[in-house]
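# Give me coordinates for this.
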Amino acid sequence: MSRKSPKTAIVIGVGPDRGLGGQLCKRFASEGLHVLVAGRTREKLDAIVQGIQKDGGSAEPFVADATSESDTHELFDKADDALRQIRSECFDLVVADLLVPGVDGVGLLEQLQSTSADIPVIVLTEQAAAGEATTALKRGAFAVLRKPCAMDRLVATIDRAAWSGR
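Next up is the predicted model:
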């Protein structure tokens, strides 16, 4: 009898521990999910991962920093690694920031959708541009939420996505 692996959540664009992404990572971990914590600042990611692990949860950091040309090349290499991992694991839900510096959020959405169109992707964005939100929705996003977003609204959207049957 094979052991079922724990469900995994990936949160892309994570910043401060008390920010929306950090809180979302903690919430997923408290519900028993393994969390891939993705963002630009190693120290912030490590703090979130260590807090989750201290509380008995499972998480790992994924540094994606695009502040220099060499970092941009490294970022794409790491993105390829992450996409390979996404292809090799079964994700139930993805929450991603549309505008992570150095990363095309819509392109990431398209790659996630091409990997498995039935995985709901919730997109967060600080931009008020209706065109980007419309593009994300047309390319398969389950929902687009403008940051800052209240945690209860995000959790309600996650709950709807989790039960959507996509």
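# mind listing the helices for the protein?
For the chain, the helices defined by DSSP state H cover 20-30, 42-54, 69-88, 105-115, 130-138, 151-162.
# where among these is the average confidence lowest?
Lowest mean pLDDT within those: helix 69-88, a mean of 55.
# contacting residues for Gly51?
Going by CB atoms under 8 Å, 6 or more residues apart in numbering, Gly51 touches 17, 26. All C-beta atoms are positioned from the backbone trio N, CA, C, and that covers glycine.
# do you know how far it is from Lys7?
20 Å (CB to CB, to the nearest Å).
# Any idea what the residue positioned nearest the centre of the chain is bridged to?
The centroid of the chain falls nearest to Val11 when counting by CA atoms, centre = their mean (2.3 Å). In this entry, Val11 is beta-bridged to Val37, Val95, by DSSP bridges.
# ok, it to Leu109 distance?
With the distance defined as CB to CB, Val11 ends up 14 Å from Leu109.
# what does Asp97 give?
11 Å.
# Residues that sit against both of those two, list them.
Common contacts of Asp97 and Leu109 (CB under 8 Å, 6+ apart): Val123.
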